[in-house]
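Chemist: have a look; sequence and predicted model below, questions after that.
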Amino acid sequence: MTDIQLNMDGEPGWEPFDAPALVGASLRFVSGDRTGNRFRMRYFRNASGELVARVWFGPETEGPPGHAHGGSIAAVLDEVLGLAAWAAGYPIVVGNLNIHFRHLLPLQTVVQVDSEVVAAAGRKISVRGRIVLGDRIFAEADCLCITLPEEQRRQLG
Ligand SMILES: CCCCCCCC(=O)SCCNC(=O)CCNC(=O)[C@H](O)C(C)(C)COP(=O)(O)OP(=O)(O)OC[C@H]1O[C@@H](n2cnc3c(N)ncnc32)[C@H](O)[C@@H]1OP(=O)(O)O
């Protein structure tokens, strides 16, 4: 795995996105360790302003031999789609995450997670996402995020 694959070379209009500056240590479980053997991740905004992640699934995410565990895929989608709502200005937690696992995801490969905030109705924010490598779709997800009332937000810090 090279750092170049995780970075934005050749992606016109992409800008690095400083996720910890927005949500602090909430990302420790998934994207917090940029050098370990679990996930290595970088966040960007694409030319349309949508949040995109580049993710390397390391050996410690293994489920089926040589491939990512479904729970590791779910963890990545939970973080990226939840963060997409935050990046769009909604302070949320994830209420529901529905994932279609389309193809086995090979370990030690850099894949891309695309996200799109598709609707906001009252406290309910709908985010859609997918994990891809070129034309190959590994997983697709619909995520229902719920904004937190101000008081509950303050309690979380
Ligand atoms: C922080 C950085 C990025 C984030 C990445 C990480 C994202 C996460 O992993 S967050 C952690 C995982 N999520 C959780 O632990 C959430 C736990 N659940 C909760 O805290 C609560 O159930 C919560 C806040 C979602 C909703 O509770 P509450 O505030 O009482 O809202 P409630 O009144 O029940 O529901 C509000 C609306 O949302 C709907 N809703 C709530 N939960 C769901 C759900 N799971 N499915 C469908 N609809 C739901 C309700 O039907 C209601 O709709 P309407 O207004 O039309 O009647």
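Modeler: Okay, I see it. Because the structure is a prediction, the values reported are computed rather than measured.
Chemist: ok now the helix or strand residue 152 falls within, how far from the chain's centre?
Modeler: If you go by DSSP states H and E, residue 152 is part of helix 150-156. For helix 150-156, the distance between its averaged C-alpha position and the chain's averaged C-alpha position is 24 Å (CA atoms, centre = their mean, to the nearest Å).
Chemist: equivalent analysis for stretch 45-63, please.
Modeler: Once both centres are worked out by CA atoms, centre = their mean, stretch 45-63 turns out to sit 6 Å from its chain's centre.
Chemist: count the neighbours of the closest residue to the ligand within the chain for me.
Modeler: Relative to the ligand, the nearest point of the chain is residue 82 (3.0 Å; CB to the nearest ligand atom). Heads up, the C-betas are built off the backbone N, CA and C, glycines and all. Applying other CB atoms under 10 Å, we find 23 other residues in the vicinity of residue 82.
Chemist: interface residues of the chain facing the ligand?
Modeler: When proximity is defined as CB under 6 Å from any ligand atom, the chain approaches the ligand at 23, 26, 78-79, 82-83, 86, 93-96, 122-124, 144, 146.
Chemist: buried ones among those?
Modeler: Those of those that meet the buried threshold are 26, 78-79, 82-83, 86, 94, 144, 146, by 16 or more other CB atoms under 10 Å.
Chemist: which of those residues fall within helices?
Modeler: With helices identified by DSSP state H, the entries of these that belong to them are 78-79, 82-83, 86.
Chemist: just the helices in this protein please.
Modeler: All helices of the chain, identified by DSSP H, fall at 3-6, 19-23, 28-31, 70-87, 150-156.
Chemist: pick the most deeply packed of the ones you listed.
Modeler: For these, ranked by mean neighbour count under the definition mean count of other CB atoms under 10 Å, the leader is helix 70-87 at a mean of 22.
Chemist: how much space separates the residue nearest the centre of the chain from residue 16?
Modeler: With the centre of the chain defined as its mean C-alpha position, the nearest residue by CA atoms, centre = their mean is residue 80, 2.1 Å away. As for residue 80, its distance to residue 16 is 15 Å (criterion: CB to CB, to the nearest Å).
Chemist: over to residue 25?
Modeler: Applying CB to CB, one obtains 19 Å for the distance of residue 25 from residue 16.
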